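# Could you look at this predicted model? Sequence included:
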Amino acid sequence: MRTWPAKTLLALAALLSACGGGGGSSPATQAPTPPPPARGSLVLAPSLVAGFSASALASAVNSAQSGTTSITGEPACGIQVYTLRYRTLGSQQEATEASAAVYVPSGSGAPCSGPRPLLLYAHATSFDKNFDMARLDKFKEAALVAAMYAAQGYLVVAPNYAGYAGSALSYHPYLDAGQQADDLVDALRAARSSWAALATADNGRLLLAGYSQGGHVAVATQRALQTRYAGEFTAAAVAAMSGPYALLQMGDAIFAGTPTRSATGFLPLLTGAAVHAGAAPYANPDEMYEAAYAAGIDSLLPSTTDLEQLVSGGRLPASALFAADSQPQLATYGFGAGNLVRSAYRAAVLADRAAQPCTSLAACAPGQALRRWLWRNDLRTHVPATPLMLCGGEGDPTVPWANALAAQAAYSAAGVPASRLVLLNVDDVPGLGSDYKTARSGFAAAKLALRLNALSRGESPAEAVAANYHAGLVPPFCLLAARDFLAQYAAP
């Protein structure tokens, strides 16, 4: 380090004093740098998007998906739908903004006013960068959640996640458990700071729910509330549905030969998030992805271009995750020409799996970067301290039921009592007096109707069920069961 002579320092001091003004009798002062805006603070005040009477809401949700109110029940309340924008952080702690929808019950009925239980809802994966839970007219999940919960008297806060709905973040931190939990906490902070402006209040009971990706986010948020936000929030109960909780196990199974439906979209979304988090799943995209798809794949999803158009335009394959001759193959789905993942990359994953099978997450040390990222975001080391429901269906080809089974086994082994942990397979035949019989019976009827409809059109009933299972068949019935479960913990 250079040492300045004393004469030079004196000369610099005199020069600075002369430039300071005011005769140089006192040193120049600078205004203190203001602190950065707090996480969870509002960027803009909540704004009204739409208002529905109970009857108008019933018409709207049934128009979005016929027969919705036959599952949710007729709305007891109307709702006001607001949107708010809040400050949060990205995967590398960079400041950004995101938005959330807030559903406020309205009407004269007893469930529709006064302090209400608060549901923090985490949505399923969307490839649409414009996805917005405030748009009941455009997105079926938003309409279903509004009808299932807000119309029955719950305050609902439904974050869109960073990277969606006009968020300032250029990417989405998909299944980044820490960032996504922080994002939900920030949305919750912003919403609660808005109650006076919205002329509403919660009753102090915080409930969490989420579907698919949102199931993972809900459990990650339950963990964060226990470990990092215990003095600020407590979740009374959590309902996680069809989520990839056992993320490393699921990834290993896919690479071992059982690709899941839509994996050609989910995998780039996941590796893009890993890249932005600094996890480096590859040195360059063409190390993992075939040349036809590698360019720009880090930032391809979510997109303002429809996924089908990305496939038809050659940006992604429809279903061929691995090459037709890539081995092993334990399923017929996901192998073919024009595949997404290079066989050499798959071989590296399988070699690491053989060296580090990770039968115990605590003793797991994956050497391969993608497996390290999956391990880092696997939720089986969580120990739920509040009641948790894991709902899903055993026939799910997109997020396998094995995720729920593995999570339940891990939590039970960690000492979580059975009274605090509910495992519900809606695809299980309901017996007399069985719990959540309405949800199971409804699912069975809906699946049968789908099969019969396919037969009437000369199509494959099995394919119709597989194509609709995760995103169409399971959600309404798991959400119904989750509502029954969470209702036990909704009163203060």
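In hand now; what should we look at?

# Please, which helix or strand holds the residue most central in space within the chain?
The centre of the chain sits closest to G214, judged by Cα atoms, centre = their mean, with a distance of 3.3 Å. Counting by DSSP states H and E, the element that carries G214 is helix 213-227.

# again, but for A142
Going by DSSP H and E, A142 is in helix 140-148.

# Which positions within the helix holding G214 qualify as buried?
Going by neighbour count (16 or more other Cβ atoms under 10 Å), the buried part of helix 213-227 is 213-226. For every residue, glycine as well, the C-beta is placed using N, CA and C.

# Let me have the residues you listed in a markdown table, extended by pLDDT.
Output for these, formatted as a markdown table (pLDDT from 0 to 100):
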| residue | pLDDT |
| --- | --- |
| Q213 | 98 |
| G214 | 99 |
| G215 | 99 |
| H216 | 99 |
| V217 | 99 |
| A218 | 99 |
| V219 | 99 |
| A220 | 98 |
| T221 | 98 |
| Q222 | 98 |
| R223 | 98 |
| A224 | 98 |
| L225 | 98 |
| Q226 | 98 |
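
# Going along the chain, name the strands of the protein.
42-52, 78-89, 95-106, 116-122, 155-159, 202-211, 235-241, 322-323, 335-336, 388-392, 421-425 (DSSP state E).

# Quickly compare the ones you listed and say which is most buried.
strand 155-159 (a mean of 28; mean count of other Cβ atoms under 10 Å).

# Can you name every helix or strand that it contacts?
Secondary-structure packing of strand 155-159 (3 or more Cβ pairs under 8 Å, 6 or more residues apart in numbering; DSSP states H and E): strand 95-106, strand 116-122, helix 140-148, helix 177-192.

# Now find how far off-centre the third one is within its chain.
With Cα atoms, centre = their mean, to the nearest Å as the basis, the distance from the averaged C-alpha position of helix 140-148 to the chain average is 16 Å.

# for the residue nearest to L350 when sequence neighbours are not counted, what are its contacts?
The shortest distance from L350 to any non-neighbouring residue, by Cβ to Cβ, 6 or more residues apart in numbering, is to F255 (6.0 Å). Applying Cβ atoms under 8 Å, 6 or more residues apart in numbering to F255 gives the contacts 346, 349-350, 353.

# domains of the protein?
42-246+380-487, 248-376 (automatic domain parsing).

# where's the residue nearest to F233 when sequence neighbours are not counted relative to P384, distance?
Leaving aside its sequence neighbours, F233 sits nearest to L225 (Cβ to Cβ, 6+ apart; 5.2 Å). According to Cβ to Cβ, to the nearest Å, L225 and P384 sit 11 Å apart.

# again, but for A150
In terms of Cβ to Cβ, A150 sits 26 Å off from P384.

# Look at these two and report which has more neighbours.
Higher neighbour count among A150 and P384: A150, with 31 against 22, using other Cβ atoms under 10 Å.

# what residues are up against that one?
77, 79, 103-105, 156.

# Let me know the closest of the buried residues of helix 213-227 to T271.
Q213 (15.1 Å; Cβ to Cβ).

# for this protein, what helix or strand is lowest in average pLDDT?
helix 6-19 (a mean of 33; mean pLDDT, DSSP states H and E).

# Test my guess that F477 contacts F443.
Yes: with contact defined as Cβ atoms under 8 Å, F477 counts as touching F443 (4.3 Å).

# overlap in contacts of those two?
Joint contacts of F477 and F443 (Cβ under 8 Å, 6+ apart) are V426.

# max-length helix in this structure?
Across the chain, the longest stretch assigned as helix under DSSP state H is helix 437-456.

# Just the CA trace of it, in CSV.
Listed next in CSV are the C-alpha coordinates belonging to helix 437-456 (Å, rounded to 0.1, in the frame of the first residue of the first chain):
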residue,chain,number,x,y,z
LYS,A,437,-64.5,-38.7,1.8
THR,A,438,-66.2,-35.9,-0.2
ALA,A,439,-62.9,-35.0,-1.9
ARG,A,440,-62.0,-38.6,-2.7
SER,A,441,-65.5,-39.4,-4.0
GLY,A,442,-65.5,-36.2,-6.1
PHE,A,443,-62.1,-37.0,-7.6
ALA,A,444,-63.3,-40.6,-8.5
ALA,A,445,-66.4,-39.2,-10.2
ALA,A,446,-64.4,-36.6,-12.1
LYS,A,447,-61.8,-39.1,-13.3
LEU,A,448,-64.6,-41.5,-14.5
ALA,A,449,-66.3,-38.6,-16.3
LEU,A,450,-63.0,-37.7,-18.1
ARG,A,451,-62.5,-41.3,-19.2
LEU,A,452,-66.0,-41.7,-20.5
ASN,A,453,-65.8,-38.4,-22.4
ALA,A,454,-62.5,-39.6,-24.0
LEU,A,455,-64.2,-42.8,-25.0
SER,A,456,-67.1,-41.0,-26.6
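
# picking up where we left off before, redo the strands of the chain as a markdown table? Include distance to T271 and mean pLDDT.
Listed next are these as a markdown table, based on distance: least, Cβ to Cβ, whole Å; pLDDT from 0 to 100:
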| stretch | distance to T271 | mean pLDDT |
| --- | --- | --- |
| strand 42-52 | 30 | 96 |
| strand 78-89 | 21 | 98 |
| strand 95-106 | 20 | 98 |
| strand 116-122 | 21 | 98 |
| strand 155-159 | 23 | 98 |
| strand 202-211 | 22 | 98 |
| strand 235-241 | 24 | 99 |
| strand 322-323 | 15 | 98 |
| strand 335-336 | 20 | 98 |
| strand 388-392 | 25 | 98 |
| strand 421-425 | 30 | 97 |
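
# And those strands: which comes nearest G251?
It's strand 322-323; of the strands of the chain, that one is closest to G251 (Cβ to Cβ) at 13.4 Å.

# count of neighbours near A449?
Neighbours of A449 (other Cβ under 10 Å): 12.

# now do K140
Using other Cβ under 10 Å: K140 sits among 16 other residues.
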